[in-house]
Structure formats: C-alpha cells, structure tokens
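A.B. asks: coords please:
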Amino acid sequence: QKAREAEAGSSTVAIPAASSPQAAAAAPPTTTNSSGSVPVAAGNDEMKLTFRQDVWLQIKRENGTVVTSHLAKAGTQEIFNVSEPMQIRIGNAAGVQGILRGAPLAISDGSGSNVVNLNVK
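C.D. replies: Okay, the predicted model is just below:
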C-alpha cells in the first residue's frame, strides 16, 4: 500500500489498485449534488466532497480531459468515481472536506495557499 505524499503547492495521493473485478470495471466519473439528480458513483473508487463554503472545483483525467470545472455551492455534496488517475484543483480549499475510498482526504498543501492541487491515483 502506497502512502500519501505532499509537495509544495500540490499533494499526491497514491491509492492501491482496486481489490475486486467489480471495482476495476467501474463506470467513468459521475457526480451528484445535494438534489441527487445525477447517478452516484459507488464502490471502492468513490471520492465524496462536502462543501461548507463556496469552492471552485476542477477535476481532470490524467489525459487532460475535463470531468468538471465549476463553482460548488456551500451546503452541497458531490461524489465522483476515481477509478482512474485524476488531477483535482480546489480553490478555497478550507471550505471543503473530502472522503476518498472511505478514508479522510487531506485537502491541504501545507504552504498556506488556499488553492490546492491533488493527484489521485
């Protein structure tokens, strides 16, 4: 199992490979908001973000394809399937809490900046 690593200005979160064939065959990333109008990704490859304040969020696949880029509103929650490597950029990082595959996600780069870059693998 790989550990989390942090660099100045960005963080890398290395996660072990999926432990079941169902998780390995998960669908492409999907999101939902508090209204629940979009199907939610489930299983071991789930990243849940809870927004306490308005937060700018951008998520890209490793190949640069943008999954989402938007202003997430305070009081909402979004769930993403991260079955493939993702690059995540968060503006107003202090306003969000994250859970990645059931474990708390450290959303801080340690430099005092309120913009955080995460690489989820």
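
A.B. asks: quick one: strands adjacent to the helix or strand hosting Pro104?
C.D. replies: Using DSSP states H and E, the element containing Pro104 is strand 103-105. Using DSSP bridges, strand 103-105 pairs in its sheet with strand 96-100 (antiparallel).

A.B. asks: which strands or helices does the helix or strand harbouring Asn119 pack on?
C.D. replies: Here Asn119 is covered by strand 115-120, with elements defined by DSSP H and E. Packing partners of strand 115-120 (3 or more CB pairs under 8 Å, 6 or more residues apart in numbering; DSSP states H and E): strand 10-13, strand 86-91. (Glycine included, C-beta is placed from N, CA and C.)

A.B. asks: can you tell me which of these the model trusts least?
C.D. replies: Of all those, mean pLDDT reaches its minimum on strand 10-13 (a mean of 42).

A.B. asks: can you give me the buried ones in the strand holding Pro104?
C.D. replies: Leu105 (16 or more other CB atoms under 10 Å).

A.B. asks: what's in contact with it?
C.D. replies: For strand 103-105, contacts defined as CB atoms under 8 Å, 6 or more residues apart in numbering pick out 13, 47, 97-99, 118.
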